[in-house]
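> please find the sequence and the predicted model below.
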Amino acid sequence: MLAETVCSAVSAAGLGIAAVTAYRRRFLAATRIAAYALVPVGLVLTGVVAWVSGIVFKPSVWLGFGLLGVAWLLFLTTRAVERRGGGTRKERKAAAAAAQRGAVAPTASAPSLGAGRAPAAQPTARAEPAASEDFSDIEAILKKHGI
């Protein structure tokens, strides 16, 4: 009963503010304020307010929310441990068995060059461009702007 009265008072105040706003010829804002003001009365008439007030004051509902929170924390904890531990139990057992057998990753082989072709000689040092060539574009831009 108290929640319905509060919602009605909030709606009446909102509609009053909307009327003042419309009097100032700000019709778009007044319409928006009126829409927000009608929401609490609509919630009362649909029964949402009674449903929410029934939920808030029942200890069994709060116990249910607490259990949902605990379940959520357990789920997040198991996900974090699973990511940190390297996957599922089967994956960890397979990795341990491979380590016991002495499995070593094969080394990379040389790239195949084709039949009868000798590798091309790699240049050891690159020719350095002259310092004046590096800044020629920049100098041209600066001269263009008179700097």
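Looks like it arrived, so ask away.
> going by C-alpha atoms from here, please, whenever you check contacts or count neighbours.
OK.
> following element in sequence after the longest helix belonging to the chain, please.
For the chain, the helix that runs over the most residues, judged by DSSP state H, is helix 59-85. From helix 59-85 onward toward the C-terminus, using DSSP states H and E, the following helix or strand is helix 89-100.
> and that next one, average pLDDT?
Here the mean pLDDT over helix 89-100 is 79, rounded to a whole number.
> hmm, back to that, buried residues in the longest helix of the chain?
Residues of helix 59-85 classed as buried under the neighbour-count rule (16 or more other CA atoms under 10 Å) do not occur.
> next one: that helix to chain centre, how far?
The chain centroid and the centroid of helix 59-85 are separated by 21 Å under CA atoms, centre = their mean, to the nearest Å.
> repeat for stretch 31-41
Here the centre of stretch 31-41 is set off from its chain's centre by 32 Å, with CA atoms, centre = their mean.
> in the protein, which residue is closest to the centre?
Taking CA atoms, centre = their mean as the criterion, residue 76 is the residue nearest the geometric centre of the chain, at 16.6 Å.
> gap between it and residue 50?
Note on residue 76: its distance to residue 50, by CA to CA, to the nearest Å, is 34 Å.
> do residue 93 as well
Between residue 93 and residue 50 the distance is 55 Å, computed by CA to CA.
> neighbour-wise, which of these two wins?
Higher neighbour count among residue 93 and residue 50: residue 50, with 16 against 11, using other CA atoms under 10 Å.
> now the angle from whatever helix or strand the more buried one lives in to helix 59-85?
Using DSSP H and E, the secondary-structure element containing residue 50 is helix 48-56. On the basis of axes from the mean of the first three to the mean of the last three CA atoms, to 10 degrees, helix 48-56 is oriented at 70 degrees to helix 59-85.
> could you give the mean pLDDT of helix 48-56?
Mean predicted lDDT for helix 48-56 stands at 86.
> check stretch 66-82 too.
Taken as a whole, stretch 66-82 has a mean pLDDT of 91.
> also stretch 34-45?
Averaged across stretch 34-45, the pLDDT comes to 94.
> swap in stretch 139-147?
Across stretch 139-147, the per-residue pLDDT values average to 88.
> same thing with stretch 19-28?
94.
> ok now it, how far from the chain's centre?
Between the centre of stretch 19-28 and the centre of its chain there are 40 Å (CA atoms, centre = their mean).
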